[in-house]
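Undergrad: this one's sequence-less:
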């Protein structure tokens, strides 16, 4: 994976990380609670899938929590976010009640899409999140379209457009890069590089693996950040947001991250070794990273963190119970929402 | 009434809606400085400027996705395809992103967008520039599909399409662009989506058709009138939602139905109408429904073969003689 260029970039990233101010106690507590909420939610979703309570596809975000959490903290109301199908965490990061996200996973009436979208199709426009899209790469021009709308309206809002290392090879991604740069659209393209497009590693799919360079042909500056470090993510995000708000056109961020679970629930992950996964979990875990920082700084002790753990777990258990008890949509729902009425 | 070409009527519809609503904008290849590949957007750049009349690179998937995203954000884009054949590059964005999002979001996000441009055969441009996509898009819940014939309907339906909160596929016809029609002289002239029009009343046979084939059916009806066959012509105008009641009422009167479309008959609009009539008006039929469509071949270039492949006035007239005999 790591060629010489990547090492050089990582050294640069390390240096940038060292220059960042230490996060406050309040920030660390917030990161910890938010990332833990995503992890416990996804673990619970995995269990419920195993029990047959969630159907279809279910793509878990476990391991990648720092990316969406750090990005979200760089945003303001009115900014918009869009992603592909690995979207539960983006809903939670936008501030949606885990109950309505879990109820969507179980296909119930209180789900955010009233049970009609499922795991891959969730939206909360009031909070600026516009899905939740199931076709790999298609969300990238859509995200550029949100940037277009922000610019058309003459505001200084930004469009955060997430996609994976797999989607980075789709042709329409480059079409979107070209127009975003040509028209100076306020779009932050965020590549969540979790190293594997389903079962195909970046090395096996991608001629030049430095994905942060993908925008250079279009004049889009790229930056790589440690996607397992929420502070590094937020710092990179803030720089990109500042550039976009100033009207300087799009930015590209490559977040180096890792998913611990398979691509989806049906994936036994035989394309990588157990050792590779456990090494990431032990040495790079984004939540453990924050936990250690909090203890080292004397912001919290084990007991205080356990209290947070219990609290988050209880909230997720409530969501799981709610999502199982909530009724399925009424059959009259079958034929509603196909078309909007004026 | 004023006399306008279809081309001018479409331009006027866009201009009027853009004057009325600042969220409406036009994007596509050559729509601005070139004034439209077929000059449909003549004068719009001059009036509305580069912010609202936007030349795109040749990048259908990309600019269609950008249009759909902008619509999700609440703007009202008009996306012009130089022809609907090129929209094949972007059909995923039309079907998966535009048509399905309202449903998938439980109604939280809608997509008010118009996709417009010439559809079907022009003249001697062969297979890759000549396909009719009416049945492709009519297949998809979440889309509305419009295919006008006259200038008045083109203007009135395009205005309705721009105001509609849903994705609308607006199928034009290159050969019709230059044809003139009398149309109401009013900025309020709209035609509702979903309503067919009996353009020639008759008693002996119903001919249900749309777009350029309406003109051919009307010509056939003139010939037939001289032979004592009184054909009723329905201009469907909207393909989805289909105005079933209009067709059923006509068949209840004439007891015979011919469908005419330029596209292939396999899984076509005529097939759909035929099945619908069998369910809703079976007892009224005195003869099996006849479907007329383009020959089941990629459209050839040679002039004689092209003429043979596309439905002609004589084909329609002969089908009417056969069904009435």
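TA: Ah, there it is. Predicted model, so just to flag it, every value in this text is computed and none were measured.
Undergrad: hmm, who's touching stretch B:57-68?
TA: With CB atoms under 8 Å, 6 or more residues apart in numbering or on different chains as the contact definition, stretch B:57-68 has outside contacts at A:138, A:140-142, A:144-145, A:148, A:171-172, A:175-176, A:178-179, A:182, B:27-29, B:56, B:77, B:79, B:81, B:86-87, B:89-90, B:92-94, B:97-98, B:111, B:113, B:115, B:167. C-beta here means a position set from N, CA and C on the backbone, and glycine is covered the same way.
Undergrad: In strands, which of the residues you listed fall?
TA: Among those, the residues falling in strands (DSSP state E) are B:27-28, B:77, B:79, B:115.
Undergrad: Flag every residue of the stretch 1-150 of chain A that's near chain B.
TA: Within the stretch 1-150 of chain A, the positions near chain B by CB under 8 Å from any CB of the partner chain are A:80, A:82, A:111-117, A:121-125, A:130-135, A:138, A:140-146, A:148-150.
Undergrad: from these, which ones fall inside helices?
TA: Counted as lying in helices by DSSP state H, out of the residues of the stretch 1-150 of chain A next to chain B, are A:140-146, A:148-150.
Undergrad: rewinding a little: and the contacts of stretch B:57-68, which are buried?
TA: A:138, A:140-142, A:144-145, A:148, A:172, A:175-176, A:178-179, B:27-29, B:56, B:77, B:79, B:81, B:86-87, B:89-90, B:92-94, B:97-98, B:111, B:113, B:115, B:167 (16 or more other CB atoms under 10 Å in any protein chain shown).
Undergrad: Pretty sure residue B:261 sits in a strand.
TA: Yes. Under DSSP: H, G, I helix; E, B strand; the rest coil, residue B:261 sits within a strand.
Undergrad: hang on, isn't it packed against residue B:209?
TA: Yes. At 6.7 Å, residue B:261 counts as touching residue B:209 under the criterion of CB atoms under 8 Å.
Undergrad: what's the burial count for residue A:299?
TA: 18 (other CB atoms under 10 Å in any protein chain shown).
Undergrad: measure it to residue A:228 for me?
TA: 20 Å (CB to CB, to the nearest Å).
Undergrad: same thing with residue A:169?
TA: Noted for residue A:169: a distance of 23 Å to residue A:228, by CB to CB.
Undergrad: quick one: which of those two has more around it?
TA: Neighbour totals were compared for residue A:169 and residue A:228, and residue A:228 leads with 24 against 19 (other CB under 10 Å).
Undergrad: three-state assignment of the more buried one?
TA: The local conformation at residue A:228, judged by three-state DSSP, is coil.
Undergrad: Give the phi and psi angles for it, as a check.
TA: phi -100, psi 0 (degrees, to the nearest 10).
Undergrad: Now do the helix or strand containing residue B:207: distance to the chain's middle.
TA: Residue B:207 is part of strand B:205-209 when elements are defined by DSSP states H and E. Relative to the centre of its chain, strand B:205-209 is centred 17 Å away, using CA atoms, centre = their mean, to the nearest Å.
Undergrad: Please apply the same query to stretch B:306-322.
TA: 21 Å.
Undergrad: Likewise for stretch A:68-81?
TA: Taking mean C-alpha positions (CA atoms, centre = their mean), stretch A:68-81 and its chain are 11 Å apart.
Undergrad: for stretch B:82-97, same thing?
TA: With CA atoms, centre = their mean, you get 15 Å for stretch B:82-97.
Undergrad: contacts for it?
TA: Here stretch B:82-97 has contacts from A:133-135, A:138, A:141-142, B:28-30, B:37, B:60-61, B:63-65, B:68, B:81, B:111, B:115, B:117-120, B:122, B:128-131, B:133, B:136-137, B:140, B:143, B:167, B:169, B:171, B:174, using CB under 8 Å, 6+ apart.
Undergrad: Emit the PyMOL select command for whichever of those residues are buried.
TA: Command for PyMOL, covering only those of the contacts of stretch B:82-97 found buried under the criterion 16+ other CB under 10 Å:
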select buried, (chain A and resi 133+134+135+138+141+142) or (chain B and resi 28+29+30+37+60+61+63+64+65+68+81+111+115+117+118+119+120+122+129+130+131+133+136+137+140+143+167+169+171+174)
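Undergrad: Inside helices: which ones of the contacts of stretch B:82-97?
TA: Among the contacts of stretch B:82-97, the members falling in helices (DSSP H) are A:141-142, B:60-61, B:63-65, B:68, B:136-137.
Undergrad: now the helices for the stretch 201-325 of chain B?
TA: Remark: helices assigned in the stretch 201-325 of chain B by DSSP state H, counting those that start in this stretch are B:212-226, B:244-254, B:269-281, B:303-309, B:313-324.
Undergrad: Most tightly packed of those?
TA: Ranked by mean neighbour count, the helices of the stretch 201-325 of chain B are led by helix B:212-226 with a mean of 21 (mean count of other CB atoms under 10 Å in any protein chain shown).
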